[in-house]
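Enquirer: Fold the following and give me the result.
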Amino acid sequence: MAVALWAGSSSFTSGDTPWGLYDSDTQFTSSADKFAGWAAKRLGYPITAIELTSGSFYACFEESVSEYSAQVNQFNIKDNLLSLKGQSTGSSNNLTHKRLSNTMGEQIFLSETYGSEAGVGGQVEVYTNKITLSQSVQEYDLNALVADLSGSGAGSGGAIEVKRVFYEASPAITRYFDPYAGTGQQTNNMLDAFGFGGSSPAITFMLQPVYADLLRVQAIEFNDQVRKSAYSFELRNNKLKIFPTWTSDSTGSLYVEWERVDDRDKVLRTRYSGSNDTISDISNAPYDNMQYQYINDVGVQWIRKYGLALSKELLGMVRSKYGTIPIPNSEVSLDGDTLRAEATAEKEQLIEQLREMLEQTSQRALLEADQEASEHLQSKLNKVPVPIYIG
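Expert: Down below sits the predicted model:
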């Protein structure tokens, strides 16, 4: 059987590539024949016979463009995924060759989610209910006292999550002149201590440093910590146990902030609806194959080299099928295995170089480079003499 050999220049027509991804791109169609001739000559034509056809070179050229597109798109998806999540995946939203504006939508959503849990904002409604404390009762069932209360916002009941229990004592500043705290003083006693007992408090003002007030507040709090029972609580299985137990004959009050678990989860369900038209991960981010005509010379050169490596690999596979060719009184060994090994090494090197270049242009790398440049500029400006102004 005769082996098909490269016959020289040819004329590319639509449909000559296996996938036809770029057949409508005039820049690609005009470059396909040039690539075939260049790759054949780089492989030794016409001195050496090339056991490939025009279609083989076209296939390698198409695959090389697709590989370049896939590598760049993969990096862009990884670099921008946080901003892409939740956006539309429609065909009209193709992000290839487009500059993205960082709207911080996903970051804001995460911040609001954390804010809801930390009690400093968010989108989840927080309700407040009063629990009536009774004498000698230490444990209270929140299901009965909170979740089933009508008109409290709990709706038809359901699971709740307690966010805050107001168990702390009153602030020390409210007891600044508490005569029962050993460090506090009544107004008259304080004036007497400074020799102003005969003056009217309504028209006499005394200036003290701020730290004196802070020391007095700290003394009151330390007094409560040492001489009084600490206010605390324990929450287990919707049972709220308070410490110490209420001892007064009259009823007391304890306030609890809570939210419905369904309200919290509803926010997540709304944001991540699971719809197929919403970007969720790298699998459905709308990055399509690049148009060859918009790839710059740097990318085109990488595509040519990678296409040549693919052509060399394909030629090596063809020649490996026939390790030797018999000739009169001898045989000729082919270099198929050598070509395949060289092609594999060249492909890996090109992929590694491309990925390193992409990493150097990531958002993080660019910000770090900008910061370093600013620091060097500031260091340079610090060495410029500053003129002395004489008025």
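Enquirer: neighbours of Cys60, just the number please.
Expert: Using other C-beta atoms under 10 Å, Cys60 is surrounded by 25 other residues. Placement of C-beta: from N, CA and C, glycine included.
Enquirer: Lys383: helix or strand, and which one exactly?
Expert: Using DSSP states H and E, Lys383 sits within no helix or strand.
Enquirer: Now do it, the pLDDT please.
Expert: Note for Lys383: predicted pLDDT of 87.
Enquirer: got it, and Asn284?
Expert: Per-residue pLDDT puts Asn284 at 88.
Enquirer: gap between it and Tyr389?
Expert: In this view, Asn284 and Tyr389 are 62 Å apart by C-beta to C-beta, to the nearest Å.
Enquirer: what's the answer for Tyr211, then?
Expert: Taken as C-beta to C-beta, the span from Tyr211 to Tyr389 is 39 Å.
Enquirer: Comparing the two, which residue is more hemmed in?
Expert: Taking neighbours as other C-beta under 10 Å, Tyr211 and Tyr389 compare with Tyr211 leading, 8 against 5.
Enquirer: Quick one: residues contacting that one.
Expert: By C-beta atoms under 8 Å, 6 or more residues apart in numbering, Tyr211 lies in contact with nothing.
Enquirer: can you map out the strands along this structure?
Expert: Ranges of strands within the chain are 127-133, 139-141, 160-165, 232-236, 239-243, 252-260, 324-327, 330-333, based on DSSP state E.
Enquirer: which one of the ones you listed lies closest to Ser374?
Expert: Of all these, it is strand 160-165 that lies closest to Ser374, at 42.4 Å by C-beta to C-beta.
Enquirer: What separation do you get for the residue nearest the centre of the chain and Asp277?
Expert: The residue lying closest to the centre of the chain (C-alpha atoms, centre = their mean) is Leu82, at 4.2 Å. As defined by C-beta to C-beta, Leu82 lies at a distance of 19 Å from Asp277.
Enquirer: Check the spacing between Phe61 and Thr48 real quick.
Expert: Shown here: Phe61 relative to Thr48, a distance of 21 Å by C-beta to C-beta.
Enquirer: Would you mind telling me which of these two has the busier surroundings?
Expert: Using other C-beta under 10 Å as the criterion, Phe61 and Thr48 rank with Phe61 on top: 29 against 12.
Enquirer: can you pull the pLDDT of that one?
Expert: Phe61 carries a pLDDT value of 97.
Enquirer: before we move on, what about Ser333?
Expert: 73.
Enquirer: Look up which residues are beta-bridged to it.
Expert: Per DSSP bridges, the residues bridged to Ser333 are Thr324.
Enquirer: and it, how many neighbours?
Expert: With other C-beta under 10 Å as criterion, Ser333 counts 11.
Enquirer: what do you get for the one 4 residues further on?
Expert: Other residues near Asp337 come to 14 when the count uses other C-beta under 10 Å.
Enquirer: contacting residues around it?
Expert: Asp337 is in contact with Gly316, Ser320, counting by C-beta under 8 Å, 6+ apart.
Enquirer: just the one 3 residues further on next, same as before
Expert: Contacts for Arg340 (C-beta under 8 Å, 6+ apart) come out as Lys312, Glu313, Gly316, Met317, Ser320.
Enquirer: avg pLDDT for stretch 70-88?
Expert: Averaging pLDDT along stretch 70-88 gives 87.
Enquirer: Please compute how far it lies from its chain's middle.
Expert: 11 Å (C-alpha atoms, centre = their mean, to the nearest Å).
Enquirer: for stretch 94-113, same thing?
Expert: The chain centre lies 9 Å from the centre of stretch 94-113; the measure is C-alpha atoms, centre = their mean.
Enquirer: That stretch: end-to-end distance?
Expert: Stretch 94-113 stretches 29 Å from its first residue to its last (C-alpha to C-alpha, to the nearest Å).
Enquirer: List the contacts of that stretch.
Expert: Contacts for stretch 94-113 (C-beta under 8 Å, 6+ apart): 69, 73, 76, 80, 82-87, 121-123, 267-268, 271, 285-291, 294.
Enquirer: domains of the protein?
Expert: Residue ranges for the domains of the chain, per automatic domain parsing: 26-99+287-370, 124-271.
Enquirer: Relative to Ser116, which of the ones you listed is closest?
Expert: domain 124-271 (4.6 Å).
Enquirer: which ones are touching Ser320?
Expert: Here Ser320 is in contact with Leu334, Gly336, Asp337, Arg340 (criterion: C-beta under 8 Å, 6+ apart).
Enquirer: Any stretches of the stretch 251-391 of the chain with poor pLDDT?
Expert: 267-276, 324-327, 329-332, 391 (pLDDT under 70).
Enquirer: Now with 90, please.
Expert: In the predicted model, the stretch 251-391 of the chain carries pLDDT under 90 at residues 251-286, 319-337, 363-364, 367, 381-391.
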